[in-house]
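[1] Okay, predicted coordinates and the sequence, questions at the end:
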Amino acid sequence: MGDDHALDIADLNHWFGAGEAQKQALFDIDLEIDRGSLTVLVGPSGSGKTTLLTLVGCLREVQEGSVMLLGHQLHVAKPAQQIALRRRLGFIFQAHNLHGSLTALQNVLMGLQVHGATDQDTQMSAARHMLTLLGLGDRIDYFPANLSGGQKQRVAVARALVGNPDIVFADEPTAALDRESGMTVVKMLKQLGQVRGTTTVMVTHDNRILEMADRIITLEDGRIVNDTSK
């Protein structure tokens, strides 16, 4: 794997179910994703985009093929190695998955506490800074029940980014956001790529994002049918 690749995927296949009910979801996926790039996965529902995202993000077990994530082969990775790798990743999902009993600030702090590398004051400062960047400086002490859908999603984005992950995996991250908020999030991801070398792999149906992508990969029926880098 080259140092410029965050992900190297070769001959990746995946199935759901077993026996006569078994259905193949991904077919012979070959993909190299450069560090610091913003790559967008598009395609109709059921085309395999989210399945691919969860496989390369250590959220689903690789059945067949090679996935090199940050230089580590997932097919042979032990549980402890997978946990260590997940700590270098950020995840943004369409469902914000916030804890209702925690404030916005406390939810974002959870994104740092898995690392355990910095003192509490530094973590608090980083969490406040990230929420402020996303326009939530006046909502820091609000609970999710008192936030709009778009505000909840921005809290989830802050939680994913606050730990400075090597790779961000995002599944429809702007679906709950208005145009301005959505563009703010995508511009931030793009800037993180340029400044820190953060790699973003994003599933989206949001055409507003496509013009900002470094690369657009189209999937249909579990296969890559178009790749703007080729």
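    Perfect, I can see it now. Numbers count the residues shown, from 1 in each chain.
[2] What are the buried residues along the biggest helix by length in the chain?
    Counting residues, the longest helix found in the chain (DSSP state H) is helix 179-196. For helix 179-196, a neighbour-count test (16 or more other C-beta atoms under 10 Å) marks 181-182, 184-186, 188-190, 192-193 as buried. From N, CA and C alone the C-beta is placed, and that goes for glycine too.
[3] How about stretch 202-209?
    Neighbour-count burial for stretch 202-209 [16+ other C-beta under 10 Å]: 202-204, 206, 209.
[4] Which parts of this protein are strands?
    5-16, 23-34, 38-42, 64-69, 72-73, 89-92, 167-171, 199-203, 215-220, 223-227 (DSSP state E).
[5] between the ones you listed, which gets nearest to Arg139?
    Nearest of the strands of the chain to Arg139, taken as C-beta to C-beta: strand 89-92 at 18.0 Å.
[6] For the closest one, which outside residues touch it?
    57-59, 111, 156-157, 160-161, 163, 165-171, 173 (C-beta atoms under 8 Å, 6 or more residues apart in numbering).
[7] Given it, what are its sheet partners and their directions?
    strand 167-171 (parallel) (DSSP bridges).
[8] ok and the strand it pairs with relative to strand 5-16, angle-wise?
    40 degrees (axes from the mean of the first three to the mean of the last three C-alpha atoms, to 10 degrees).
[9] where's strand 167-171 relative to the chain centroid, distance-wise?
    When C-alpha coordinates are averaged (C-alpha atoms, centre = their mean, to the nearest Å), strand 167-171 and its chain have centres 1 Å apart.
[10] buried ones in it?
    Those would be 167-171, for strand 167-171 by 16+ other C-beta under 10 Å.
[11] got it, and stretch 145-164?
    147, 150-163.
[12] what's the answer for stretch 43-51, then?
    The neighbour-count check on stretch 43-51 (16+ other C-beta under 10 Å) flags 43, 47-51 as buried.
[13] ok, how many other residues are close to the closest residue to Leu189 other than its chain neighbours?
    Spatial nearest neighbour of Leu189, chain neighbours left out: Thr200 (4.6 Å); criterion: C-beta to C-beta, 6 or more residues apart in numbering. Using other C-beta atoms under 10 Å, Thr200 has 27 neighbouring residues.
[14] Quickly list what Thr200 is bridged to.
    With DSSP bridges as the rule, Thr200 is bridged to Leu38, Val168.
[15] Please apply the same query to Leu7.
    Counting by DSSP bridges, Leu7 forms beta bridges with Ile33, Leu69.
[16] Can you tell me which of the buried residues of helix 179-196 lies closest to Met130?
    The nearest member of the buried residues of helix 179-196 to Met130, counting by C-beta to C-beta, is Met188 at 9.3 Å.
[17] just to revisit the earlier point, among the buried residues of stretch 145-164, which lie within helices?
    150-161.
[18] can you redo these as TSV with distance to Ala213?
    As requested, those are exported to TSV (distance: C-beta to C-beta, whole Å):
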residue	distance to Ala213
Gly150	22
Gln151	25
Lys152	25
Gln153	20
Arg154	21
Val155	24
Ala156	21
Val157	17
Ala158	22
Arg159	23
Ala160	18
Leu161	18
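[19] Identify, from those, the entry nearest to Thr132.
    Thr132 has its nearest neighbour among those in Ala158, at 9.2 Å by C-beta to C-beta.
[20] what's the neighbour count on the residue lying closest to that closest one once chain neighbours are set aside?
    Closest residue to Ala158 apart from its sequence neighbours, by C-beta to C-beta, 6+ apart: Met130 at 4.3 Å. Applying other C-beta under 10 Å, we find 24 residues neighbouring Met130.
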